[in-house]
Structure formats: C-alpha cells, structure tokens
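*Asks:* Test case, fold it:
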Amino acid sequence: MKNLWLTVSTFKNDLELRVYSSRLLGQESALVLHGGGNTSVKVNRTNLFGEVEEILYVKGSGWDLATIEAAGFAPVKLDVLKKMVKLEQLSDSEMVNAQRAAMTNPSAPNPSVEAILHAIIPFKYVDHTHADALVTITNTENGEEKIRQIYGNRVLIVPYVMAGFILAKTIYEMTQGIDWGKLDGIILMNHGIFTFADDAKSSYDQMINLVTEAENYLQAVITPSSPIETKEDLLLLARIRKSVSGAVIAKLDNTPKSVNFSNRPDVASIATRGPLTPDHVIRTKPIPAILGKEPEKDILHYIQAYKAYFERNAKDHTILNPAPCWAIWPGFGIISFGSSVKNANIVSDIKNHTIQAIQTAELLGGWKALSESDIFKMEYWELEQAKLLKGRSTLPLQGKIALVTGAASGIGRACVETLQTQGATVVAVDINPNITTLFEKAEILGLVCDMTNEESIQNAVKTTIRHFGGLDILISNAGTFPPSETCANMTSKHWSKSLAINLTSHQQVLHAAIPYLTLSNDAAVIMIASKNVPAPGPGASAYSVAKAGQMQLARVAALELGEFGVRVNVIHPNAVFDTGIWTTEVLEKRAKHYGISVEAYKTNNILKTEVTSKDVAALACAMAGPVFAKTTGAQVPIDGGNDRVI
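*Replies:* Okay, the predicted model is just below:
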C-alpha cells in the first residue's frame, strides 16, 4: 500500500494535523469505506476555570474520514472515558449519554462508538481502519494462525466481540500489565486494525506498514480474472428492480470482475456466508440474493428467507426492509440497490471489496464470515441503525427514475432540477451537446439525443435502464415554436419540423418507454402541451396542430396504459417566457399581434402574474407524485388564467 504522507507545512495545532492524516486514511478505499474507521488525538485544553483538561478529539458519528474536517471530531473529557471502561456493565444508551455529557462542545457530533477504546490506548494519536487485506485474512479458516504467522508477537490479536463498550472492556482487560511499547498494533478478528503513536506520522506509517505486510501475504494467492462476454436483458433488469421495490436505483455492474464472480459455480455458497466486515451489514444486509432462471421468484424467496432469519434472531426489534441490497445475476453481473444513486454506489463499492476478499480467502483455505447471530446483532444494533436514520430521506420522489426530454433549458431544465430536489434520479436529454455537463450531479445523467431520430430516442431510453435499472417518470417536453405563418402562407419545411418535434418525437419516446413504464410500481407520464390546444391563435397552425395531436396521443395512452397503473396527464402552459422558444423576436411579434407591449404581454392573464418554468416544473412533479396518484387523462392549464381557455 502506498504511503501518501507528504512533507507538510506546520499545522496550527494537533487537531489540524489529525484532520490531515485522517484524510490520508480516508482516501484509500482498501482501508475504509463510506464512513468506516475512526481516528483520534489527545490534547490538553484549558477550561473556563483555568484548569488544564486532557481532551480526546475522536471522529464523530456520521463523518467520513475522506472528507472530515475539524468540526467532525467530538471533544470528550479523557478522564471520564477512562472511568467508563472500568464499569462492569454499560448499555448502549448509557454509553452514548455519558459520552455526550462529557463533551466540551455540545454542538459537536456524537463521539464514535469506539471512543472509550481510543481513550485507553496510551498514545496521543490512534488510527483505526477496516483494512481489506486484514479482514480478508481473518475471515478464513485458521485466520488467527495466519495473522500470527505474518506479525508474530508484534500485534495484539483480539477475538471478535461487538464494537463499543464490550470491545473496549475486552481490550482493557487483555492489556493489563502489558508493555504497549512492544506493540505495533491491534488486530481485531473479522473487524479491522488499530495503530497508535505519539506523533501522527508514525501512527499513519505504522498503519500503512502493517497493512502492506498483509497485502504482500495475499499477493501470492491472488489471480487476475480474464475477460468474459457479458449478456444484456434490460426488460428483465427492470422486472428485477420492480420485484425488489419500485423506488430504488438498480445499478448493474457488468464489468469482467463482477461477471466472472457471478459465473463461479460455487457463487451461491461463497457469497452467502456473510459480509466482509460486520460494519457493512447495515448497507448490504447479511448476504446478497442469488438470481437464477426466474429472478423475480428468487427475490421473493430472498425476502421470505430474510423474514425467517429475523424471526430466528429477533428479540425486541422491528424488522427492516427485507428486500436484498445487492443481487448476483450469473452471466449478467451484480446489481446494487439503493434509494438513491449515492446509496446504490455505496453498496456497489462495498460489493467490489467483498467479492475480491471472498475469492482471495477461498484461495487461502476458505471464506469464513461471522456467525449469523453476530451479524444480526450488528445489523440491528441501535447505534449502527442511527447512522442510516441520519441520512434517510422522505422526499416525495425518492428512488424514482425519470426521463426528461428537451432538458437543456426552460421548462425541461426546471423539471430536471425540481425532480432531483424531490429525490428522483433523472436522465436529461437534449440535442444541445452541453447537456452532458450542464448539471454535474451524480443523480442527473445528461445525454445528447436528437428527438427527430427514432434510434437516438431508443438509445436514450435504453441508456436510462442500463444506468439505473428502470423508468418511473417520463416528462415529454421537447418542443419548438415555428415562425408565425397563416395557413395560406405555410411552408412545408416549418410544418414538417413542427410535427416531427412537437408530435412525432413524443410518440416515439413514449413508444420506447412504455415497456419499462409498465414495469414500474408507480409510473407517470406528463406531456407538456400548450394553451394553443384549447385556444389556438391565428398564425400558429403548425404549432397548434402538432400540440393538439400530442394531447390526443396522451388521452389515448391514458386509456391504454391505465390497466398497467401508468398515469398519463397533460399540462398546458401559456406565456412561459423563460423558455428557449420565447426569443426576444418571438415575444415582440406576439405582443405586436395583440397590440400590447412586451411587458403587458407577459402578464396578459386573469391573475396578472407571470408564469415561470419553475412553476410548470412544480406542477409536473406534483403530477408525478402522490397528489395525482389517482388521476389520469387530465389536462391542467398553468397560465395565470386565460379568458379564452376558461
């Protein structure tokens, strides 16, 4: 493992140095993943009364070592933590309360559950990681013997016990009378490693050195995977997603590494023995689902088996969502599920490390994870569940997958942004090449798409499924406003272009999306039409006719798709002037046509108000959500009130 320590400038204080070295550990995914691991530093501080107190600054719960700041460390009185370890018993709630009561900054985050253990290690800096190499070795038959073979007596080997007070108490008792100076570190079986020193660099160096020794030990047995041909079945992927839950991202990893693992003849055995480290179980559940020829039934069987696992181990608990967090799909790869792209990516990252560790451990004599009861205790441990509750979202469109056409500006762009803020993952398509870099968020994928090209439209829909596993919301918005021409003066060029973009593109994207929308547990199609449908104006026949056809398409689609639970509704915006079709030239021409100023034209409605793209987007998202759950075939104007429409 590469040592990342650089010659650094003088830090203002020990805590700043602690932040620096913590981030070095956090940058290495083979050491910690997504909030795993913790670090601390012991410092002297003068309190309000002029008394010098020794304070432990320990990583706060919920912070990630890769991005931690000084505010992410909880300051706790060291003497209190040292007294706590001498108690015979201490419940989780008592530990949390006592640690918070001993904090010198009540607004700081809760101290790590390992705070007591950090306190009793008699060195200024303490580092703790869940290094892949060490967890791999300790999750094998005779793992302790292998650790002793690598390190001899240079490390303290601790049998697996629950993290928190029990672990701190165990190590406290094991280290009575020992010479800490002779230890290079502590190896926690099935859990991780601690290193320590009186300066930050030495503790960091020791972590890298010990982990490197373990990696070198494993290197002799690791064999590279060979490329393999992958299969694709997007409809089946969407069905798998539906059987898990309609409100998740289903991230398929079909890289050679994942496909090779999925194709192992023993995958059903080795992948279902338990997680790489118990800390992962709150993200991944104890095991993945193994999919076969009937994957939807396999998901159902997994759910039933999880409920049985819960019943075997539960005492005073409430069952969590029994659906799998990841699934192995032989021949296709591995699917990671999450309520957001971020959560699915976290599961995928953990999965990558887990399958590598499993295969390496098999070469060392056999993958052997913790017992079911130990895994259950960690999964339902209130202190671990609290980590998930902090990031849990109740947004109305959380986990939904949406496709928006004409998304680079105006109503389309506003729809993309509003969908994302309400929890949806969005594919934004537009002919404008800037669409690929316009949003720069993991939850938004920008695709270039020519809405007059059927193949381009089909590829956009398929890419949506490949990336996220399904489709729940289609906002069909792409449009153009042709020059004003009377029927007598209409050119075939303007007529054909309007029909192609304002009508045919909507039919083609709907056609491409329907197979996946019908596999959603709650699908919605929103057509962005126009006031010109109920109230056309002279000189706008090319636009009005195409939009009227779009509305009729939506009405027929509502009739046809209702049996599949797909809702189809129409929005008729009017005078939305922050869109691309309302250029200064068009505005001036329309205002002149009505004999009023541009400003008067913008608020030429009953409410005397201007309608914006964000207003339309808010209505579109409402139609996609629970408010319109029992409405289909509706046409809703958003125009400030138009006397001709009314």
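
*Asks:* going forward, measure contacts and count neighbours with C-alpha atoms only.
*Replies:* Will do.

*Asks:* What ranges in the stretch 251-400 of the chain fall below the confidence cut-off?
*Replies:* Scanning the stretch 251-400 of the chain for pLDDT under 70 picks out 388, 390-393.

*Asks:* Swap in 90 and give it another go.
*Replies:* Within the stretch 251-400 of the chain, the stretches with pLDDT under 90 are 315-317, 382-394.

*Asks:* Not counting the host helix or strand of residue 358 itself, show me its contacts.
*Replies:* In this structure, residue 358 sits in helix 341-363 according to DSSP states H and E. The contact list for helix 341-363 (Cα atoms under 8 Å, 6 or more residues apart in numbering) reads 30, 33-34, 132-133, 136-137, 139-140, 218, 221-222, 249-251, 253, 258, 261, 270-271, 275-276, 280, 283-284, 325-326, 335-338, 367, 425, 442-443.

*Asks:* ok, residue 96 - contacts?
*Replies:* Going by Cα under 8 Å, 6+ apart, residue 96 touches 110, 113.

*Asks:* Relative to residue 441, how far out is it?
*Replies:* The gap separating residue 96 from residue 441 is 36 Å, by Cα to Cα, to the nearest Å.

*Asks:* Is there a neighbour count for residue 630? I'd like the number.
*Replies:* For residue 630, the count of nearby residues is 9 (other Cα atoms under 10 Å).

*Asks:* Look at it and give its secondary structure.
*Replies:* Look at residue 630: counting by DSSP: H, G, I helix; E, B strand; the rest coil, its state is coil.

*Asks:* again, but for residue 452
*Replies:* Going by three-state DSSP: residue 452 is coil.

*Asks:* That one contacts residue 500, correct?
*Replies:* Yes: using Cα atoms under 8 Å, residue 452 makes contact with residue 500 at a distance of 6.0 Å.

*Asks:* circling back: and the next helix or strand past the helix holding residue 358?
*Replies:* Counting by DSSP H and E, the element after helix 341-363 in chain order, helix or strand, is helix 372-379.

*Asks:* could you pull out the strands for the stretch 451-600 of the chain?
*Replies:* Residue ranges of the strands in the stretch 451-600 of the chain, as given by DSSP state E, counting those that start in this stretch, are 473-476, 523-528, 566-573.

*Asks:* before we move on, back to that, give the buried residues for the helix holding residue 358.
*Replies:* The neighbour-count check on helix 341-363 (16 or more other Cα atoms under 10 Å) flags 341, 343-348, 350-351, 353-363 as buried.

*Asks:* Same check on stretch 215-230?
*Replies:* For stretch 215-230, burial by neighbour count (16+ other Cα under 10 Å) applies to 215, 217-218, 222.

*Asks:* how about these in TSV, adding secondary structure and distance to residue 639?
*Replies:* Listed next are the buried residues of stretch 215-230 as TSV, based on DSSP: H, G, I helix; E, B strand; the rest coil; distance: Cα to Cα, whole Å:
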residue	secondary structure	distance to residue 639
215	helix	65
217	helix	70
218	helix	67
222	coil	65
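
*Asks:* Using a markdown table, lay out those residues together with distance to residue 401 and pLDDT.
*Replies:* Converted to a markdown table, those look like this (distance: Cα to Cα, whole Å; pLDDT from 0 to 100):
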| residue | distance to residue 401 | pLDDT |
| --- | --- | --- |
| 215 | 40 | 96 |
| 217 | 44 | 94 |
| 218 | 41 | 94 |
| 222 | 39 | 77 |
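
*Asks:* any chance of the residues you listed in CSV, plus distance to residue 243?
*Replies:* What follows is the buried residues of stretch 215-230, written out as CSV (distance: Cα to Cα, whole Å):
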residue, distance to residue 243
215, 39
217, 42
218, 39
222, 36
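
*Asks:* neighbouring contacts of stretch 541-558?
*Replies:* Residues outside stretch 541-558 that contact it (Cα under 8 Å, 6+ apart) are 480-482, 485-487, 490, 494-495, 498-499, 502-503, 506-507, 527, 529-530, 532-533, 536, 566-570, 632-633.

*Asks:* need the helices for the stretch 301-450 of the chain, in chain order.
*Replies:* Assigned by DSSP state H, counting those that start in this stretch, the stretch 301-450 of the chain shows helices spanning 341-363, 372-379, 382-391, 410-421.

*Asks:* can you redo those as CSV with distance to residue 110?
*Replies:* Below are the helices of the stretch 301-450 of the chain laid out as CSV (distance: least, Cα to Cα, whole Å):
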stretch, distance to residue 110
helix 341-363, 22
helix 372-379, 19
helix 382-391, 10
helix 410-421, 28
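
*Asks:* Mind checking those helices for the one nearest to residue 640?
*Replies:* Of all the helices of the stretch 301-450 of the chain, helix 410-421 sits nearest to residue 640, with 16.2 Å by Cα to Cα.

*Asks:* per-domain residue ranges of the chain.
*Replies:* Per the record, the chain has its domains at 14-219, 234-391, 401-638, by automatic domain parsing.

*Asks:* picking up where we left off before, now do the helix holding residue 358 against helix 382-391, angle only.
*Replies:* If you take axes from the mean of the first three to the mean of the last three Cα atoms, to 10 degrees, helix 341-363 sits at 140 degrees to helix 382-391.

*Asks:* Just give me how far helix 341-363 sits from the chain centre.
*Replies:* Computed by Cα atoms, centre = their mean, to the nearest Å, the chain-centroid distance of helix 341-363 equals 15 Å.

*Asks:* Equivalent analysis for stretch 489-507, please.
*Replies:* On Cα atoms, centre = their mean, the centre of stretch 489-507 falls 40 Å from the chain's centre.

*Asks:* I'd like to check what contacts that stretch. Which residues are they?
*Replies:* Contacts of stretch 489-507 with the rest of the structure, by Cα under 8 Å, 6+ apart, involve 451-452, 454, 476, 478-483, 542-543, 546-547, 549-550, 553.

*Asks:* Also stretch 10-28?
*Replies:* With Cα under 8 Å, 6+ apart as the test, stretch 10-28 has contacts from 4-5, 31-33, 39-41, 43, 57, 64-70, 125, 127, 129, 200-201, 204.
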